[in-house]
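In: the following comprises the amino acid sequence and a computationally predicted model.
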Amino acid sequence: MQFSGLSGDHLVQLNENDVQNIAQSGLTAVLLPAADFYLQMKYPPARHLIDKGARVALATDFNPGSSPTQDLSLVGVLARLNMKMTLPEVIGAYTWSAAKALGRDSTEGSIEQGKMANFVVLNDDWDSLFYQVGYHPVGETWRMAKKTYKS
């Protein structure tokens, strides 16, 4: 089976054929570790997807039934601990891969000439991200080259 589209969302129960097809398709696998946590489900095989060449994005799936959190930091911690993603993979999942899943990678998702200047300035080292639950070292956020938040 060949997959098409920008993203496959809320992927959980994947067999080896699914992983292979996703990796070969160019589809972004959108994983929702907070929903898996709240529903007490087995986490999707993010490490296996990445190792096979698939692109992975992360999201909260914020909703009152299965994922009552908007905390991207918690999602990043769960991805690192339970889905065995590295810190650079989590950052990439929130930036470039998320932009690919939305079809916005030509204008967002990475810092490149000609793209929107969307970025954060941290109050700590980058490797402090997604390590401690509840720790948010973001000092500033910038959207289209304008500061939108300062701690």
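Out: Alright, I've got the coordinates. Numbers count the residues shown, from 1 in each chain.
In: excluding its backbone neighbours, what's nearest Asn123?
Out: Distances taken as C-beta to C-beta, 6 or more residues apart in numbering place Gly139 nearest to Asn123, at 4.0 Å, with adjacent residues excluded. All C-beta spots, glycine's among them, are computed from the backbone N, C-alpha and C.
In: same check, this time on Phe62
Out: Gln70 is the one closest to Phe62 (C-beta to C-beta, 6+ apart), at 4.9 Å.
In: for Ala34, see how far away the one you found is.
Out: 9 Å (C-beta to C-beta, to the nearest Å).
In: Ser151 is in contact with Asp124, isn't it?
Out: No. With contact defined as C-beta atoms under 8 Å, Ser151 does not count as touching Asp124 (11.3 Å).
In: ok, the two, which is more surrounded?
Out: A count of neighbours by other C-beta atoms under 10 Å puts Asp124 above the other of Ser151 and Asp124, at 13 against 10.
In: which non-adjacent residue is nearest that one?
Out: Pro137 (3.9 Å).
In: same question, Ala46
Out: Closest residue to Ala46 apart from its sequence neighbours, by C-beta to C-beta, 6+ apart: Met83 at 3.7 Å.
In: also Phe119?
Out: Setting aside the residues directly before and after it, Phe119 is nearest to Trp142 in space (C-beta to C-beta, 6+ apart), at 5.3 Å.
In: Val133 too?
Out: Val77 (5.4 Å).
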